[in-house]
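Asks: no FASTA, just this:
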């Protein structure tokens, strides 16, 4: 817990000390931070002559051209040339601008030349060996920074224990990050016929420190010669950038409509279109017997989201460590989100959260719905 508190303190300081006037921003724009991974003395992954830092930058610059076709969008890069940007400064820039999205672009690699396909990461805790290896690769840039021990206060990018110690610090944005990731992977698969390896959660510093919906995209494996050739080509970069842009614009329209103005705040953007969400439940009974804090609206319910993935799992207790009152939501059948409980009593939902975590779902968190639409917990309690 000491590490978690320390990390929280660091991130708060980053936001407080950020030079607010350094970056010009129109309040009427939907601001997207494009983060081309690595750069300068940090080449990232390199295989068969393909260099991650170069492919990531070229793809990010092409992505900007697609996004600028929407006049409501403002694009800001963490880097536009081959320069080294400290990891701590990437989300810091996004936070200083109060951006709407943070999109980090990378390329994957492994020692085995056979694996291929795209992956999109959102912040989260996972003990998957494969995901921890990805996390260690992407976080290892910290070791190239001066005074990294002081800056990151004991965070060791090579130590899985400290990786898991990175607690989810912006759970309110996880839902929207997953929605964006789902759209990106769906476009890769259905529009470009690329192999999608799915959406994954991993403790990546660059996502954890960004206070907005954030994704890290692995375009493919440079260690696979065929995929590396595609990603290194102008046509491949154009296609991947176009697919990402289409997903971002679709996300923007879903949460903010066709236009964007200063009247749209991040709280209101938590709303999800009810038409795109279907829901089923193993038990629809409300768990509101306990007295406590209730929403002022009679149309608000709370649940505990504890798992998400590409598989549609049968809603039986044996599949969820004995949890009985489990429901699932899906966005067009591409991605499934599992939640426990259903109550209009916020204090009861906190008890439900404690119960879910006791079953081993340590990254679970409370979600809220108002009139059938997903909203932030803060908004639900108003």
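Replies: Cool, the structure landed. None of the values given here were measured: they were computed from a predicted structure.
Asks: what residues of the longest helix seen in the chain count as buried?
Replies: Secondary structure of the chain per DSSP state H: the longest helix is helix 234-256. Going by neighbour count (16 or more other CB atoms under 10 Å), the buried part of helix 234-256 is 236-252, 254-256. All C-beta atoms are positioned from the backbone trio N, CA, C, and that covers glycine.
Asks: same check, this time on stretch 66-77
Replies: By neighbour count on 16+ other CB under 10 Å, the buried set for stretch 66-77 is 66-67, 70, 72-77.
Asks: with stretch 345-355 instead?
Replies: 345-346, 348-353.
Asks: then stretch 74-92?
Replies: Quick answer for stretch 74-92 (16+ other CB under 10 Å): 74-79, 85-88, 90-92.
Asks: helix or strand for residue 192, which one?
Replies: Under DSSP states H and E, no helix or strand contains residue 192.
Asks: nope, residue 80 is what I meant
Replies: Per DSSP H and E: residue 80 is located in neither a helix nor a strand.
Asks: start to end distance for stretch 360-368?
Replies: 22 Å (CA to CA, to the nearest Å).
Asks: which residues does residue 47 contact?
Replies: 109, 222-223, 225, 228 (CB atoms under 8 Å, 6 or more residues apart in numbering).
Asks: quick one: list the elements packing against the helix or strand where residue 184 lies.
Replies: Using DSSP H and E, residue 184 falls within helix 174-190. If you count contacts as 3 or more CB pairs under 8 Å, 6 or more residues apart in numbering; DSSP states H and E, helix 174-190 packs onto strand 118-123, strand 196-202, strand 214-221, helix 234-256.
Asks: weakest of these in terms of mean pLDDT?
Replies: Mean pLDDT is lowest for strand 196-202 out of the helices and strands packed on helix 174-190, coming in at a mean of 86.
Asks: partner strands of it, with direction?
Replies: strand 118-123 (parallel) (DSSP bridges).
Asks: quick one: the partner strand to helix 234-256, angle?
Replies: Going by axes from the mean of the first three to the mean of the last three CA atoms, to 10 degrees, strand 118-123 is angled at 40 degrees with respect to helix 234-256.
Asks: is it correct that residue 313 is in contact with residue 319?
Replies: Yes. Between residue 313 and residue 319 there is a contact at 5.3 Å, judged by CB atoms under 8 Å.
Asks: so which other helices or strands are in contact with the helix or strand harbouring residue 347?
Replies: Per DSSP H and E, residue 347 falls inside helix 346-358. When contacts are defined as 3+ CB pairs under 8 Å, 6+ apart, helix 346-358 packs onto strand 300-309, strand 336-343, strand 365-370.
Asks: columns distance to residue 377 on top of those, output as TSV?
Replies: Output for those, formatted as TSV (distance: least, CB to CB, whole Å):
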stretch	distance to residue 377
strand 300-309	7
strand 336-343	13
strand 365-370	5
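Asks: same list (the ones you listed) but as JSON lines, adding distance to residue 378, mean pLDDT and mean neighbour count.
Replies: Shown next, in JSON lines, are those (distance: least, CB to CB, whole Å; pLDDT from 0 to 100; neighbours: other CB atoms under 10 Å):
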{"stretch": "strand 300-309", "distance to residue 378": "12", "mean pLDDT": "85", "mean neighbour count": "23"}
{"stretch": "strand 336-343", "distance to residue 378": "17", "mean pLDDT": "90", "mean neighbour count": "23"}
{"stretch": "strand 365-370", "distance to residue 378": "9", "mean pLDDT": "87", "mean neighbour count": "20"}
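Asks: among those, which comes closest to residue 174?
Replies: strand 365-370 (7.2 Å; CB to CB).
Asks: that closest one pairs with which strands, parallel or anti?
Replies: Strand 365-370 has the following strand partners under DSSP bridges: strand 300-309 (antiparallel), strand 373-375 (antiparallel).
Asks: quick one: closest of these to residue 59.
Replies: Nearest to residue 59, of the strands paired with strand 365-370 and by CB to CB, is strand 300-309 at 26.3 Å.
Asks: tell me the angle the closest one makes with helix 174-190.
Replies: Using the same axes, to 10 degrees: strand 300-309 against helix 174-190 is 40 degrees.
Asks: quick one: strands adjacent to the helix or strand following strand 300-309?
Replies: Next helix or strand after strand 300-309 toward the C-terminus (DSSP H and E): strand 326-331. Neighbouring strands of strand 326-331 in its sheet, by DSSP bridges, are strand 277-281 (antiparallel), strand 336-343 (antiparallel).
Asks: separation between residue 174 and residue 239?
Replies: Taking CB to CB, to the nearest Å as the measure, residue 174 falls 28 Å from residue 239.
Asks: what's the answer for residue 200, then?
Replies: Counting by CB to CB, the separation of residue 200 from residue 239 is 22 Å.
Asks: one step back: which pair of the contacts of residue 47 spans the longest distance?
Replies: 109 and 225 (11.5 Å).
Asks: who's more crowded, these two?
Replies: residue 109 (23 against 15; other CB atoms under 10 Å).
Asks: and the more buried one, what does it touch?
Replies: 45-47, 52, 221-223.
Asks: run the last query once more with 10 Å
Replies: Contact analysis of residue 109 by CB atoms under 10 Å, 6 or more residues apart in numbering lists 44-48, 50, 52, 115, 137, 218, 220-224, 228.
Asks: what pLDDT does it get?
Replies: 94.
Asks: same question for the one 5 residues further on.
Replies: We note a pLDDT of 97 for residue 114 in this prediction.
Asks: isn't there a strand covering it?
Replies: No. Read with DSSP: H, G, I helix; E, B strand; the rest coil, residue 114 is coil and lies in no strand.
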